[in-house]
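Asks: Generate a structure from the sequence data that follows.
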Amino acid sequence: MRNIDKTFPGVRALQNVQFTLEKGEIHALMGENGAGKSTLIKVLTGVYGKDGGDIFLEGQSVAIHSPQDAQNHGISTVYQEITLCPNLSVAENMFIGRTKGMGVNWKKMNKETDKILKSLDIPAKATQQLGSCSIAIQQMIAIARAVDMDCKVLILDEPTSSLDDNEVQKLFKVMRDLRAKGVGIIFVTHFLDQVYEVCDKITVLRDGQFVGQYEIKDLPRVKLVSTMLGKELDDMSDIKGEQAAYEVDESIPPVYEATGLVSDAHIKPFDFYIRKGEVNGFTGLLGSGRSECVRAIFGADRVTGGSVKVNGKSVKISKARDAMKNGIAYLAEDRKRDGIVGDLSVRDNIILAQQVLRGFFKPFSKAEAEKVAAEYIKLLSIKTASSETPIKSLSGGNQQKVLIARWLFTKPQYLILDEPTRGIDVGTKVDIQKLVLKLASEGMSVTFISSETDEMLRTCSRLVVMRDRKVVGELSGDDLTQNKIMGTIAGGDN
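Replies: Sure, this is the predicted structure:
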């Protein structure tokens, strides 16, 4: 792919991007959220038309206008979400859409499927129902289907995100076998360890632009992290902001403490605590497990192990309401999906969590609700025509302030903010950072997550560092620097 451009209304998603894949190599496509990875893949597979540039296959210029065109050229994609039919047999999934006319030679189809499965060492049978296979085996069957359709280029988009370690190793064996047969594989993942285990080359994108293509041996992990984030290690200044030192009384039990906590979101068991008046955070690259950890703390994902204490007393938090009853509040990463109720007013969105705690048989009167809404609209400087305005009409930053108001109204002792400043203007970002420090100075405990390391350093006194869904370090005091954070995220390098 040469000089690829793609623009959406108001956004230049790709600008003069280059990407080269050799026959028989596994090539990682890396970059943070919004780097342009998905857009580049959608251009290659014909989901999006490009606005400029050229695509060559084996030296010949090609035009790819649709996913069918891509398939005809031997470009196949296996997505993170498996797009097969679990109610059909493995063989039916392998051949769906590929049989012509009314007649189906079932015997031949099953025999052909078993042959393909055996060649890739996939432990499944043609006649078994796909839904009876594990997610990993389903993922491999999706790959087998793609490969059987004369695939020259195989795109794997986050294929390991829902697999355990053993399943990942099985998938890697299939990938290596395909590489040996001359298939070129584009591997999109957030897991650094996996990149260095299975890939030959890395291409890094940042902000829709090509940063570079590297041999795996020429790009140590810490250099990869700095390349993705756009911060050279030697050039980065330490940022401390105006944060006052916390007077933490270690004789008092932590507000929240977890030991061996684990959920069904495939994070490794982790220990965590936070004290009264402390601001701490989880940091790591996108997909490192930051959000999964706080979702486990709040009971938003199903907790499958570990023990929890609140103010020194053992409690069970198996669902969000348990956490709320224990004074824990959680602003989710995706405000559109897990936060705002778009058609409800600003007022109704603010009182929602407290109404859940009170029970819906004890509704707020309109006068009570109006008084609360007015108080928080003023406190957080929420720009809205009135409390009656539907929240979906507000800007992203003001929607975020309404959600913070919702949780502050529950008077929590422990507030979790996951990406509270993503996608909002600089002025509102500063407002939220100041609010976090003010709440901490008044004794509230806050866990703050942001993709922007500078922001974490300005607000947090202690950081838990994540990589590949496990905790790999904890930093505080003089160690709270960009260099230390990036070195810990990278791991494996001095």
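Asks: Could you check how far the helix or strand hosting Leu437 is from the centre of its chain?
Replies: Using DSSP states H and E, Leu437 sits in helix 426-441. Mean-position distance between helix 426-441 and its chain equals 24 Å (Cα atoms, centre = their mean, to the nearest Å).
Asks: same question for that helix, mean pLDDT?
Replies: The pLDDT scores in helix 426-441 average 80.
Asks: Same check on stretch 386-397?
Replies: Stretch 386-397 comes out at a mean pLDDT of 83.
Asks: residues in contact with that stretch?
Replies: 335, 340-347, 349-350, 370, 373-374, 377, 382-384, 399, 402, 423-425, 427-429 (Cβ atoms under 8 Å, 6 or more residues apart in numbering). Placement of C-beta: from N, CA and C, glycine included.
Asks: Just the buried ones from the residues you listed, in PyMOL syntax?
Replies: Of the contacts of stretch 386-397, the buried ones go into a single PyMOL selection, burial set by 16 or more other Cβ atoms under 10 Å:
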select buried, resi 335+340+345+346+347+349+350+370+373+377+382+384+399+402+424+428+429
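Asks: now the stretch 1-150 of the chain, which segments are flagged as low pLDDT?
Replies: For the stretch 1-150 of the chain, applying pLDDT under 70 flags the ranges 10, 33-34, 80-81, 99-103, 149.
Asks: That one: strands as residue ranges?
Replies: 2-8, 11-17, 26-30, 52-57, 60-62, 75-78 (DSSP state E, counting those that start in this stretch).
Asks: Reformat these as a markdown table; add mean neighbour count.
Replies: Rendered in a markdown table, the data for the strands of the stretch 1-150 of the chain read as follows (neighbours: other Cβ atoms under 10 Å):
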| stretch | mean neighbour count |
| --- | --- |
| strand 2-8 | 17 |
| strand 11-17 | 18 |
| strand 26-30 | 24 |
| strand 52-57 | 14 |
| strand 60-62 | 10 |
| strand 75-78 | 24 |
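Asks: wait, which of those is closest to Ala258?
Replies: For Ala258, the closest of these is strand 26-30, at 31.3 Å, according to Cβ to Cβ.
Asks: which residues does Glu370 contact?
Replies: Contacts for Glu370 (Cβ under 8 Å, 6+ apart) come out as 347, 387.
Asks: secondary structure element for it?
Replies: helix 366-379.
Asks: Which residues in that helix does the neighbour count mark as buried?
Replies: Buried residues in helix 366-379, counted by 16+ other Cβ under 10 Å: 369-370, 372-373, 376-377.
Asks: right, and the helix or strand after it?
Replies: helix 396-408.
Asks: Need the contact partners of the helix or strand just after that next one.
Replies: Using DSSP H and E, the helix or strand that follows helix 396-408 in sequence is strand 414-418. With contact meaning Cβ under 8 Å, 6+ apart, strand 414-418 is reached by 255-256, 274, 290-291, 294, 297-298, 327-333, 404, 407-408, 432, 436, 439, 444-449.
Asks: end to end, how far does stretch 418-433 reach?
Replies: One end of stretch 418-433 sits 13 Å from the other (Cα to Cα, to the nearest Å).
Asks: Excluding chain neighbours, give the residue nearest to Asp264 in space.
Replies: Of all residues beyond its chain neighbours, the one nearest Asp264 is Arg302 (4.6 Å), with distances taken as Cβ to Cβ, 6 or more residues apart in numbering.
Asks: I'd say that neighbour and Val262 touch.
Replies: No: counting by Cβ atoms under 8 Å, Arg302 stays clear of Val262, with 10.2 Å between them.
Asks: of those two, who's got more company?
Replies: Neighbour totals were compared for Arg302 and Val262, and Val262 leads with 19 against 12 (other Cβ atoms under 10 Å).
Asks: quick one: that one is in a strand?
Replies: Yes: under DSSP: H, G, I helix; E, B strand; the rest coil, Val262 falls within a strand.
Asks: residues contacting it?
Replies: So Val262 contacts 268-270, 296, 303-306 (Cβ under 8 Å, 6+ apart).
Asks: Tell me the spacing between the residue nearest to the spatial centre of the chain and Val204.
Replies: Geometric centre of the chain, nearest residue: Gly287, 4.2 Å, by Cα atoms, centre = their mean. Per Cβ to Cβ, to the nearest Å, Gly287 is found 15 Å from Val204.
Asks: Could you report the neighbour count for Thr83?
Replies: 10.
Asks: Can you tell me the closest non-neighbouring residue to it?
Replies: Per Cβ to Cβ, 6+ apart, closest to Thr83 is Ala142, 7.2 Å.
Asks: so Thr227 makes contact with Gly212?
Replies: Yes: counting by Cβ under 8 Å, Thr227 touches Gly212, with 6.9 Å between them.
Asks: Now for those two: what residues contact both?
Replies: Val204.
Asks: out of those two, which sits in the more crowded spot?
Replies: Thr227 (19 against 12).
Asks: Show the contacting residues for the more buried one.
Replies: Per Cβ under 8 Å, 6+ apart, neighbours of Thr227: 204, 206, 211-212, 219.
Asks: again with Arg12
Replies: By Cβ under 8 Å, 6+ apart, the residues touching Arg12 are 5-6, 208.
Asks: Apply 10 Å and report the result again.
Replies: 5-6, 36, 51, 207-209 (Cβ atoms under 10 Å, 6 or more residues apart in numbering).
Asks: And it, how far from Thr203?
Replies: 19 Å.
Asks: go on, Lys170?
Replies: 26 Å.
Asks: and these two? which has more neighbours close in?
Replies: Thr203 (23 against 18).
Asks: Okay, domains of the protein per the record?
Replies: 2-219, 256-490 (automatic domain parsing).
Asks: okay, those domains, which one's buried deepest?
Replies: Most buried of the domains of the chain, by mean neighbour count (mean count of other Cβ atoms under 10 Å): domain 256-490, with a mean of 19.
Asks: what's the first-to-last distance across that one?
Replies: 28 Å.
Asks: same thing with stretch 72-88?
Replies: OK, stretch 72-88 end separation, Cα to Cα: 25 Å.
Asks: about what we covered before: what sits in contact with each of Arg302 and Val262?
Replies: Common neighbours of Arg302 and Val262, using Cβ under 10 Å, 6+ apart, are Ala296.
Asks: and the residue lying closest to Gln139 once chain neighbours are set aside, what does it touch?
Replies: Nearest residue to Gln139, sequence neighbours excluded (Cβ to Cβ, 6+ apart): Pro159, at 5.6 Å. Pro159 is in contact with 78-80, 82, 136, 139-140, 142-143, 168, 171, 174-175, 187-189, 194, counting by Cβ under 10 Å, 6+ apart.
Asks: quick one: which of these sit in helices?
Replies: 136, 139-140, 142-143, 168, 171, 174-175, 194 (DSSP state H).
Asks: Turn these into JSON lines, including distance to Leu475.
Replies: Listed next are the ones in helices among the contacts of Pro159 as JSON lines, based on distance: Cβ to Cβ, whole Å:
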{"residue": "Ala136", "distance to Leu475": "34"}
{"residue": "Gln139", "distance to Leu475": "35"}
{"residue": "Met140", "distance to Leu475": "39"}
{"residue": "Ala142", "distance to Leu475": "40"}
{"residue": "Ile143", "distance to Leu475": "39"}
{"residue": "Val168", "distance to Leu475": "28"}
{"residue": "Leu171", "distance to Leu475": "33"}
{"residue": "Val174", "distance to Leu475": "38"}
{"residue": "Met175", "distance to Leu475": "34"}
{"residue": "Gln194", "distance to Leu475": "24"}
